[in-house]
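> Here is my input, please return the structure:
(2 chains)
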There are 2 protein chains.
Amino acid sequence: MATNSRLGEFDIIREIFRPLAGEDGLNLTDDVAVFSQRADIVTKDLLIAGTHFLVDDPPDLIARKALRANISDIICKGAKPAGYLLGLALPRLCDADWLQRFADGLSHDQQVFDIHLLGGDTTRHAGDGPLVISITLFGKMTEGLRPVLRSGAAPGDVLAVTGTIGDAGLGLAVAQADLRLDPEADEFLMRRYRVPVLRQELAPAIAISASASLDISDGLIADAGHIASASALRIDLDLDKMPLSPAAQSWVSQQADTALALSQLASFGDDYEILFTAPAPRMIALKARAADSGVTVTVIGQCREGEGVAVLSGGKEITPPKRGHDHFA
Amino acid sequence: MATNSRLGEFDIIREIFRPLAGEDGLNLTDDVAVFSQRADIVTKDLLIAGTHFLVDDPPDLIARKALRANISDIICKGAKPAGYLLGLALPRLCDADWLQRFADGLSHDQQVFDIHLLGGDTTRHAGDGPLVISITLFGKMTEGLRPVLRSGAAPGDVLAVTGTIGDAGLGLAVAQADLRLDPEADEFLMRRYRVPVLRQELAPAIAISASASLDISDGLIADAGHIASASALRIDLDLDKMPLSPAAQSWVSQQADTALALSQLASFGDDYEILFTAPAPRMIALKARAADSGVTVTVIGQCREGEGVAVLSGGKEITPPKRGHDHFA
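Numbers count the residues shown, from 1 in each chain, chains lettered A, B, ... in the order given. Below you'll find the model as predicted:
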């Protein structure tokens, strides 16, 4: 690692990021970080300005979204986040004030999730490159439990999701001035795009009871497809059961074709809710446990023999115009 | 992680990268990778086109340089590389053929260093961003040994370096058509810039005998400064003892001011040789062990009470115009 080991402007960054470092980060003064505790799983998500967040989003919220996009991958496996590495490719014009606000966002969420920075690397583009944020995040399972993969669903399991679906996609449209509802709804939706709400309270229950699990980053239908594919089965996904926020409900009510509107919400990315399967009896216990910690869990589908995702609305299968949001395209 | 879980063009990437995956990578089909073995240390270096490599460098060599820049950080701590995560921000025009050649480079070095891909994330720039390669690499120590940090040097220790210094910096000048020696030397120097030669054979001896160690990525003088700073002592660095390749010797012989030329070689980045300290008696054993494995180790300095790096040439202290290469500036 090279962060904070360089010259000149690098000193500014060292001063900005060193306060975020935990003990295993060796004060960000070495080439490596050490593991004083065993990590069980690891994830690495890379976010690019203009693709995963807007260039003019507040820097603290960009930082929090980047961190949460990774923490989300750990939580949905039933694990607890346990430290991270940060790689930054900075645009030429990104100054110390911007970096300090970015670091403030990291610091905020380090406290929320009880994690520290272990190390990383900071480099500046030679030309006109955009901000690229690369985070590597480690996770720890409760002793004796195994991470819940995408591949563990079985025919007969039910499919459920936390929170509400489609808000972040609508929020992006609001932030880009492509959509206006009312000020309160607009603010709520933009917030859902900028700072994912994570369901860390549910991780222990997921670890104990879920058969397969992932976080919704590509869109509900596409991510249900990932479970179906990895578990080699078919999922019936009922859009009419999809949990919606009041703001999303208000948007749906303004659309001419309800089924189409629902399928659009189900194909937006960036929800970062947990989509998971469990045998029906376990799902009942899981819902109750979720309710105790203030998280809504809604059953929206069923696993069967077969393959792919059948998208249902009004009791019959429909063909959504899009199944997911491709950050790659 | 999101690699290989997206749509469309992503399928191409899945086909290209899945063959590189090890068992812990879960076939690149999940959000996370699992650790079946404990990792002891981790590093994360980020490389940007135009800053750390040339845009038109062969894709397989770009991949190998990116991987080796990270492996170098692990080896210099006395550890063995043990798997990696790959994050890519791809330019819009980077096609499947380019990616396959990039993956071929990774595959080559995976075999050389006996490691596998664990997972990662691949995204494409929305606009005109350059290739950004973010690698996270894990390392494992021999049971009972601890990683050799920058902070362990003591007054009285001697400072030594593997291989030869300054070749990569000259190679960059050759690649940019700023320098011509003879065809053989030019080829040698460019190769040193594009594919770092790593000294993995020496890692076990470093782990047993070195007091402080790092790899030279910022330039010999700057990196000696990192040891001096982390270990809170002064290093006398004798440029006249600095090991040079025949190509670098030939370049020095053409320069009017030898001391200035040597200090330039000592301030280039990208050498990826190991710079380390050890008590004198241990250094003798270490040199012998290195010679057995075909690695040259040259003593080039001395640790004393004090601070900073004193750069010596012709028996007296000189002030080099530059102390290191700042990838950040």
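> What pLDDT is listed against residue A:1?
Residue A:1 carries a pLDDT value of 54.
> biggest strand in chain A, by residue count?
The strand spanning the most residues in chain A, taking DSSP state E as the definition, is strand A:80-90.
> Give me the buried stretch members for it, please.
By neighbour count with 16 or more other Cβ atoms under 10 Å in any protein chain shown, strand A:80-90 contains the buried residues A:80-90. Every residue, glycine included, has its C-beta placed from N, CA and C.
> filter those down to the ones near chain B?
Contacts with chain B within those, counted by Cβ under 8 Å from any Cβ of the partner chain: A:85-89.
> how about low-confidence regions in the stretch 1-150 of chain A?
For the stretch 1-150 of chain A, residues meeting the criterion pLDDT under 70 lie at A:1-10.
> Would you state the helices of it in chain order?
For the stretch 1-150 of chain A, applying DSSP state H, counting those that start in this stretch gives helices covering A:10-17, A:59-75, A:96-113.
> residues of the first one that come out buried?
Buried residues in helix A:10-17, defined by neighbour count with 16+ other Cβ under 10 Å: A:10, A:13-14, A:16-17.
> Please apply the same query to the longest one.
Neighbour-count burial for helix A:96-113, counted by 16+ other Cβ under 10 Å, picks out A:99, A:101-103, A:105-110, A:113.
> sorry, back to before: export the buried residues of strand A:80-90 as TSV, with columns for distance to residue B:269.
Conversion of the buried residues of strand A:80-90 to TSV gives the following (distance: Cβ to Cβ, whole Å):
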residue	distance to residue B:269
A:80	38
A:81	34
A:82	33
A:83	28
A:84	26
A:85	21
A:86	21
A:87	18
A:88	19
A:89	17
A:90	18
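> Quickly check the residues you listed for the two that are furthest apart.
Across the buried residues of strand A:80-90, the longest distance by Cβ to Cβ is 30.2 Å; it joins A:80 and A:90.
> what about stretch A:134-145, how long is it end to end?
Counting by Cα to Cα, to the nearest Å, you get 28 Å between the two ends of stretch A:134-145.
> That one and chain B in contact?
Yes: under the criterion of Cβ under 8 Å from any Cβ, chain B is reached by stretch A:134-145 at A:134, A:136, A:139.
> same check, this time on stretch A:275-289
No: Stretch A:275-289 is not in contact with chain B by Cβ under 8 Å from any Cβ; minimum separation 11.0 Å.
> Please identify the pairing partners of the longest strand of chain A and their relative orientation?
Strand pairing for strand A:80-90, using DSSP bridges, gives strand A:117-124 (parallel), strand A:132-140 (antiparallel).
> mind giving me a markdown table with the ones you listed and columns for distance to residue A:193?
Shown next, in a markdown table, are the strands paired with strand A:80-90 (distance: least, Cβ to Cβ, whole Å):
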| stretch | distance to residue A:193 |
| --- | --- |
| strand A:117-124 | 25 |
| strand A:132-140 | 16 |
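> any chance of those in CSV, plus mean neighbour count and distance to residue B:22?
Listed next are the strands paired with strand A:80-90 as CSV, based on neighbours: other Cβ atoms under 10 Å in any protein chain shown; distance: least, Cβ to Cβ, whole Å:
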stretch, mean neighbour count, distance to residue B:22
strand A:117-124, 27, 22
strand A:132-140, 28, 17
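> and the angle from the longest strand of chain A to helix A:10-17?
If you take axes from the mean of the first three to the mean of the last three Cα atoms, to 10 degrees, strand A:80-90 sits at 150 degrees to helix A:10-17.
> Just the CA trace of strand A:80-90, in CSV.
Backbone C-alpha positions of strand A:80-90 (Å, rounded to 0.1, in the frame of the first residue of the first chain) are rendered in CSV as follows:
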residue,chain,number,x,y,z
LYS,A,80,-20.5,-8.1,10.7
PRO,A,81,-18.3,-5.6,8.9
ALA,A,82,-14.7,-5.7,10.3
GLY,A,83,-12.5,-3.0,8.8
TYR,A,84,-11.7,-1.8,5.3
LEU,A,85,-9.1,-0.6,2.8
LEU,A,86,-9.6,2.5,0.7
GLY,A,87,-8.3,3.1,-2.8
LEU,A,88,-8.8,6.5,-4.4
ALA,A,89,-8.1,7.8,-7.9
LEU,A,90,-8.7,11.5,-7.5
